[in-house]
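**Student:** pasting the structure only:
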Ligand code: SAH
């Protein structure tokens with residue numbers, strides 16, 4: 001069963017993966033937005049979360065999550081923790097989630113939000129996510145929630161060699177394309193898809 005906001009924003013646009021819809025129904029998005037934005041938590045757009053950053057539009061979270069094709073056993077890296085919402089959705093669908101945020105104050109508040117909600121399989125790290133997390137690699141899936149001028153080599157090299165998947169918005173600050181990179185041994189397949197606009201990945 002999907003909720004009305006999901007039918008209107010996700011299902012009509014082609015997001016039909018039942019596990020993704022279920023995960024997004026279970027994660028309380030209102031807990032990840034500032035109190036003043038609670039009434040708009042499920043609006044069809046990104047919302048400000050402070051420090052000039054945003055929590056991504058529900059549709060973008062759904063598309064990126066669906067593209068990772070998680071079955072439940074994965075170790076996932078989430079770059080650009082922001083509010084922690086994407087990390088929470090991933091944590092419902094995978095075994096464990098490492099999430100990296102460059103702004104210490106956002107890392108701290110995401111850590112507090114996630115702990116208060118009882119998520120125990122998420123590790124929040126303050127640092128530069130373009131470097132990935134070598135000590136936690138390899139990752140079955142990596143998702144980047146900020147627009148990158150190009151795909152960081154460190155993220156590709158930290159993908160699992162057997163079918164690791166990276167979903168990342170690539171392009172100039174004004175407009176990016178969502179790329180899906182799949183690794184098989186030392187071969188990488190890069191498929192650009194949907195157009196999108198994210199805050200910049202810095203680093
Ligand atoms: N996924 C988030 C939204 C991310 S907004 C959510 O669900 O709320 C993008 C985030 O990426 C911002 O918080 C920004 O500070 C962070 N960011 C930008 N460059 C980064 C980098 N190199 N490493 C880690 N985080 C970065």
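**Tutor:** Nice, thanks for sending it over. The shown structure was predicted, so the numbers you read here are calculated from the model rather than taken from an experiment.
**Student:** what about the helix or strand where residue 115 lies, distance to the chain center?
**Tutor:** Counting by DSSP states H and E, the element that carries residue 115 is helix 104-116. Taking the mean of its C-alpha atoms, helix 104-116 sits 16 Å from the chain's own mean (CA atoms, centre = their mean, to the nearest Å).
**Student:** and the spatially most central residue of the chain, helix, strand or coil?
**Tutor:** The C-alpha lying nearest the average C-alpha coordinate of the chain belongs to residue 86 (CA atoms, centre = their mean; 4.4 Å). State at residue 86, reduced to three classes by DSSP: H, G, I helix; E, B strand; the rest coil: helix.
**Student:** give me the buried stretch members for stretch 160-167, please.
**Tutor:** 160, 164, 165, 166, 167 (16 or more other CB atoms under 10 Å). (C-beta placed from N, C-alpha, C; glycine too.)
**Student:** next one: it, is it in contact with the ligand?
**Tutor:** No: using CB under 6 Å from any ligand atom, stretch 160-167 stays clear of the ligand, with a minimum separation of 11.6 Å.
**Student:** how about stretch 76-85?
**Tutor:** Yes: for a cut-off given as CB under 6 Å from any ligand atom, stretch 76-85 has contacts with the ligand, namely 79, 80, 82, 83, 85.
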